[in-house]
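In: Sharing a model prediction with you, sequence too.
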Amino acid sequence: MAKSYESSSELNGLTFPSASVMGRAVIAPNLLAQSFDESFGQKNAQFDFVLFYDANEYEQESQKASIDEFRESWKRPKWHILLNN
């Protein structure tokens, strides 16, 4: 998927942050959120905020959340959905 967004001579592309999981390169959602947060408000930001629905696994519901909540979401503990009860 990431290859389809690479830069070319005609188009500016996107650079996706990746991590290695079991020896394979992956683009983890938290890395995208972190990249957005760290470049927010800067001229070189690659992404625009559109919408964020935050889930509460314990209550089995989700709700529309703010840009500030999205910017903080990547900082949550890895298994926070199991701890919110």
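Out: Alright, I've got the coordinates.
In: How many residues are close by Phe47?
Out: Counted with other C-beta atoms under 10 Å, residues neighbouring Phe47 total 13. C-betas here are computed from N, CA, C, even on glycine.
In: Packing partners of the strand or helix carrying Glu38?
Out: Element membership for Glu38 (DSSP states H and E) is helix 29-39. Of the remaining helices and strands, those touching helix 29-39 by 3 or more C-beta pairs under 8 Å, 6 or more residues apart in numbering; DSSP states H and E are helix 67-73.
In: How about the helix it packs on, which residues are buried there?
Out: 70-71, 73 (16 or more other C-beta atoms under 10 Å).
In: Just put the residues you listed in a markdown table and tack on pLDDT and distance to Ala25.
Out: Below are these laid out as a markdown table (pLDDT from 0 to 100; distance: C-beta to C-beta, whole Å):
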| residue | pLDDT | distance to Ala25 |
| --- | --- | --- |
| Phe70 | 96 | 24 |
| Arg71 | 97 | 25 |
| Ser73 | 93 | 22 |
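In: I'd like these as TSV, with distance to Pro29 appended.
Out: Putting the buried residues of helix 67-73 into TSV (distance: C-beta to C-beta, whole Å) gives the following:
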residue	distance to Pro29
Phe70	11
Arg71	14
Ser73	9
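In: And the strands in this structure?
Out: Assigned by DSSP state E, the chain shows strands spanning 19-21, 24-26, 52-56, 61-65.
In: quick revisit: what residues of the helix holding Glu38 count as buried?
Out: For helix 29-39, the neighbour count (16+ other C-beta under 10 Å) marks 33-37 as buried.
In: Perfect, I'm done here.
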